[in-house]
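**Q** Whatever this is, show me its structure:
(chains A and B)
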2 protein chains.
Amino acid sequence: MQTTDRFLRACNKEPVDCTPVWFMRQAGRYMAEFRAIREKHALLTVCKTPELAAEVTLQPLHRFNLDAAIIFADILLPLEPMGLAVDFVKGEGPVIYNRIKSKKDVEALRPVSPEDTLGYVATAIRYVRRELTVPLIGFAGAPFTLASYMTEGISSRDHRETKRMMYSAPDAWALLMDKLTCVIGDYLQMQVHAGAQALQVFDSWVGALSPMDYRTYVSPYMKRLFARLAPLGVPVIHFGTGTATLLEMQKEAGGSVIGLDWRVPLANGWRRLGDDVAIQGNLDPLVLFAPLPEIKRQVDDILTAAGGRNGHIFNLGHGILPETPVEGVEAVIEYVHQKSARPISKPIQ
Amino acid sequence: MQTTDRFLRACNKEPVDCTPVWFMRQAGRYMAEFRAIREKHALLTVCKTPELAAEVTLQPLHRFNLDAAIIFADILLPLEPMGLAVDFVKGEGPVIYNRIKSKKDVEALRPVSPEDTLGYVATAIRYVRRELTVPLIGFAGAPFTLASYMTEGISSRDHRETKRMMYSAPDAWALLMDKLTCVIGDYLQMQVHAGAQALQVFDSWVGALSPMDYRTYVSPYMKRLFARLAPLGVPVIHFGTGTATLLEMQKEAGGSVIGLDWRVPLANGWRRLGDDVAIQGNLDPLVLFAPLPEIKRQVDDILTAAGGRNGHIFNLGHGILPETPVEGVEAVIEYVHQKSARPISKPIQ
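**A** Predicted coordinates for the structure are as follows:
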């Protein structure tokens, strides 16, 4: 495991010796070590057992020269103490058995004290920090993305129940987003207090919205959430997919780092967002399946687009897929570090 | 059924008395008349029986003041004569039992004479034209979108098999796209010869690609396809979803009308594409589930963005969903016609 603060330096737009790399879902099924744990324990058990969550968090760090770790957890964890019955069905992904259908259901959602109900995440963070020599990222789902799971009950392609509530029951929607914003703010604060040195807010499905709907139904809550997080004093990464037409509004909502997916050419995205923000991204996760020359070609394009500017964090545009070859992951990390290596001016002694 | 050529006039960027409206999947499960037919006949039976396909095509025209019809068919129909076993499984969507896995599989795909193997579509077009008083649109899937179904075997979220072939077996990919481009060109030509007065090319899933991958792996085939279609002398609508970062390349590839989904603000999309192209779109299909005031608010925004310019065809950003309330469909059509009504200068007698 290497010792480096280049991830945090990049988040703060400071000079680095080479571009930092980490991957969403870097602890996952593509690794034999992870599958070995998951053969013995259900996903929720791993999340709720700090020793296991810490072990799994560290697995990719033992194997690869990654520049950051991300605590192993699931974005749906805060939904359980709110009153939802969350399960993970093999091959189907998450399922919520009592999905939110009405304002009454929203009203019945319980307030959450993260310390009392999600303390296992804080404990896992403390365990990981003891062993880790690179920065640790905490995370949570964004209100819209969590509201989508809560109203759909499953991962949805068209988010129809979510939008139906948005359009047809705007007061129920407002209350749901309000409750989620509070819970997520408290939950992320707990993670920072436990030792998370950066945060990522996953608004994975927000790209399903028109810019107008984002402005009306989502942006006010994101502004509140980021205003709540700013005083915590750690970099916050604002991530989504399919957000090509939302980027400016996402930046306005908040975050010191904006995540781009592979659909937005990095140079173009950065130009739109301006130089006062750092950028994370943006390789298509499927490129990790490609032969080495294609991997290098696509990494080269991203590094060229970043142009050696301060504030680029290399990542995928979404999480690593379960079937990804380990060799692809390794190749990208090594190649990014090698190709982006640059002299860094030292302070005069 | 109304008599109007305002759809074709808008495709050609000529003045119209009001903005024409049609909907993708306007013949579909949201209509009781359609469900009655589907209770008695499988989807493929409806497609392959010209009397039934014609009846279903006309159903929404009998009920609503739509400005165009689209022939009832499925984008996967050409895959069967090429050698694929296509089925539609209730609640699961399309399934291909012998999906394409290798270059050998691509080589084994049969050349297709649409007249011999897809003639039922031409017959249905002739039947519809006899009764129809508005223009009839023919259509086909675009090569990438069909290649995705062929390699995945099902509707895919991440298109992993498709991209794996693109990156890892570029010669197999090139051959597959080449074969599809030929088949689709012939198939659309047959539809025009049978009476289709406009065409739509559905590249529904192309928004999964980065702009760089679109340029490398898709654009050359789209250019060939549109070059093939241009001499047919009918407007061609180039449609995709999630294409916010591909629009300029899509226009460059071809099409007299570019389809926008709801993620691209219409005024912004049109500005990027320029005034030499017509625009189709771009209401979120979920807005049809909304109460009337929200529907009107969202339609108003689109009409304001179009600004009464010649060349706007009102549509959704994707197909009508099966559970859509008929009242929403009706409300949008009436409201678009009413709000966009404008004096049209008559030629001097």
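**Q** Toward the C-terminus, what is the element adjacent to the helix ranked longest in chain A?
**A** Longest helix of chain A, by residue count under DSSP state H: helix A:170-194. Next in sequence after helix A:170-194, counting helices and strands by DSSP states H and E, comes strand A:198-203.
**Q** who does that following strand pair up with?
**A** strand A:136-141 (parallel), strand A:236-240 (parallel) (DSSP bridges).
**Q** after that strand, next one along is what?
**A** Counting by DSSP H and E, the element after strand A:198-203 in chain order, helix or strand, is helix A:211-213.
**Q** who touches that next one?
**A** Contact partners of helix A:211-213, identified using C-beta atoms under 8 Å, 6 or more residues apart in numbering or on different chains, comprise A:163, A:166, A:245-246, A:249, B:263, B:265, B:284, B:298, B:301. Where you see a C-beta, it was placed from the backbone N, CA and C, and this is true even at glycine.
**Q** at 7 Å instead, please
**A** By C-beta atoms under 7 Å, 6 or more residues apart in numbering or on different chains, the surrounding residues in contact with helix A:211-213 are A:166, A:245-246, A:249, B:265, B:301.
**Q** ok, back up a step: now render the strands paired with strand A:198-203 as CSV, adding mean pLDDT.
**A** Formatted as CSV, these follow (pLDDT from 0 to 100):
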stretch, mean pLDDT
strand A:136-141, 98
strand A:236-240, 98
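**Q** would a markdown table of the ones you listed with distance to residue A:45 and mean neighbour count be doable?
**A** Formatted as a markdown table, the strands paired with strand A:198-203 follow (distance: least, C-beta to C-beta, whole Å; neighbours: other C-beta atoms under 10 Å in any protein chain shown):
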| stretch | distance to residue A:45 | mean neighbour count |
| --- | --- | --- |
| strand A:136-141 | 20 | 25 |
| strand A:236-240 | 26 | 26 |
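**Q** To residue A:189, which of these lies closest?
**A** Counting by C-beta to C-beta, residue A:189 lies closest to strand A:136-141 out of the strands paired with strand A:198-203; the figure is 9.7 Å.
**Q** where's the closest residue to residue A:310 other than its chain neighbours, which helix or strand?
**A** Nearest residue to residue A:310 in three dimensions, chain neighbours excluded: residue A:13, at 4.7 Å (C-beta to C-beta, 6 or more residues apart in numbering or on different chains). Under DSSP H and E, no helix or strand contains residue A:13.
**Q** Tell me who's in contact with residue A:13.
**A** Counting by C-beta under 7 Å, 6+ apart, residue A:13 has contacts A:278, A:310-311.
**Q** same deal with residue A:256?
**A** A:11, A:235-236, A:277-278.
**Q** among the residues you listed, which are in helices?
**A** Reading helices off these with DSSP H, I get residue A:11.
**Q** between the contacts of residue A:256, which is closest to chain B?
**A** Using C-beta to the nearest C-beta, residue A:277 is the member of the contacts of residue A:256 that lies nearest chain B, at 18.8 Å.
**Q** From residue B:112, how far out is residue A:121?
**A** As judged by C-beta to C-beta, to the nearest Å, residue A:121 and residue B:112 stand 56 Å apart.
**Q** So for these two, which sits in the more crowded spot?
**A** residue A:121 (28 against 21; other C-beta atoms under 10 Å in any protein chain shown).
**Q** quick one: which helix or strand includes that one?
**A** Going by DSSP H and E, residue A:121 is in helix A:119-131.
**Q** my guess is residue A:121 meets residue A:73, correct?
**A** Yes. Contact criterion C-beta atoms under 7 Å: residue A:121 and residue A:73 qualify, at 5.5 Å.
**Q** for the nearest residue to residue A:59 once chain neighbours are set aside, helix, strand, or coil?
**A** Nearest residue to residue A:59, sequence neighbours excluded (C-beta to C-beta, 6+ apart): residue A:33, at 4.7 Å. Three-state call for residue A:33 (DSSP: H, G, I helix; E, B strand; the rest coil): helix.
**Q** Compute the number of surrounding residues for residue A:33.
**A** Residue A:33 has 15 neighbours, counted by other C-beta under 10 Å.
**Q** so what's the nearest residue to residue A:171 once chain neighbours are set aside up against?
**A** Spatially, and ignoring its direct neighbours in sequence, residue A:171 is nearest to residue A:103 (6.5 Å; C-beta to C-beta, 6+ apart). By C-beta under 7 Å, 6+ apart, residue A:103 lies in contact with A:169, A:171-172, A:175.
**Q** hey, what's the residue of the stretch 1-150 of chain A found nearest chain B bridged with?
**A** Taking C-beta to the nearest C-beta, chain B has its nearest neighbour within the stretch 1-150 of chain A at residue A:93, 10.3 Å off. Beta-bridge partners recorded for residue A:93 (DSSP bridges): residue A:89.
**Q** Now do it against residue A:72, distance only.
**A** Separation of residue A:93 from residue A:72 (C-beta to C-beta) stands at 17 Å.
**Q** Which residue of those two possesses the greater neighbour count?
**A** More crowded of residue A:93 and residue A:72, by other C-beta under 10 Å: residue A:72, with 26 against 10.
**Q** Would you check that the more buried one makes contact with residue A:53?
**A** Yes. If you go by C-beta under 7 Å, residue A:72 and residue A:53 touch, sitting 4.7 Å apart.
**Q** Now the common contact residues for the two.
**A** In contact with both residue A:72 and residue A:53: A:46-47, using C-beta under 7 Å, 6+ apart.
**Q** Return the residues of chain A in contact with chain B.
**A** Residues of chain A found near chain B (C-beta under 7 Å from any C-beta of the partner chain) are A:157-158, A:160, A:163-164, A:167-168, A:210-212, A:242, A:244-245, A:262-265, A:284, A:286-287, A:289-291, A:294, A:301, A:321.
**Q** From these, keep the buried residues only.
**A** Among the residues of chain A next to chain B, the ones that count as buried by 16 or more other C-beta atoms under 10 Å in any protein chain shown are A:160, A:163-164, A:167, A:210-212, A:242, A:244-245, A:262-265, A:284, A:286-287, A:289-290, A:301, A:321.
**Q** What is the end-to-end distance of stretch A:69-76?
**A** Start and end residues of stretch A:69-76 are separated by 20 Å (C-alpha to C-alpha, to the nearest Å).
**Q** wait, I meant stretch A:225-243
**A** Start-to-end span of stretch A:225-243 (C-alpha to C-alpha) is 19 Å.
**Q** One more: stretch A:104-120?
**A** In terms of C-alpha to C-alpha, the two terminal residues of stretch A:104-120 are separated by 30 Å.
**Q** State the mean pLDDT of it.
**A** Across stretch A:104-120, the average pLDDT comes to 97.
**Q** Buried residues in that stretch, which are they?
**A** Using 16+ other C-beta under 10 Å as the test for burial, stretch A:104-120 gives A:105-106, A:109, A:112, A:114, A:117-118, A:120.
**Q** Which of those residues fall within helices?
**A** Under the assignment DSSP H, those contribute A:105-106, A:114, A:117, A:120 to helices.
**Q** Nearest to residue A:254 among the residues you listed?
**A** Relative to residue A:254, and with distances defined as C-beta to C-beta, the nearest of these is residue A:114, at 20.3 Å.
**Q** Roughly how far does that closest one sit from residue A:182?
**A** From residue A:114 to residue A:182 the distance is 11 Å (C-beta to C-beta).
**Q** Could you count how many residues lie near the nearest residue to residue A:153 once chain neighbours are set aside?
**A** Of all residues beyond its chain neighbours, the one nearest residue A:153 is residue A:99 (3.4 Å), with distances taken as C-beta to C-beta, 6+ apart. Neighbourhood size, residue A:99 [other C-beta under 10 Å]: 16.
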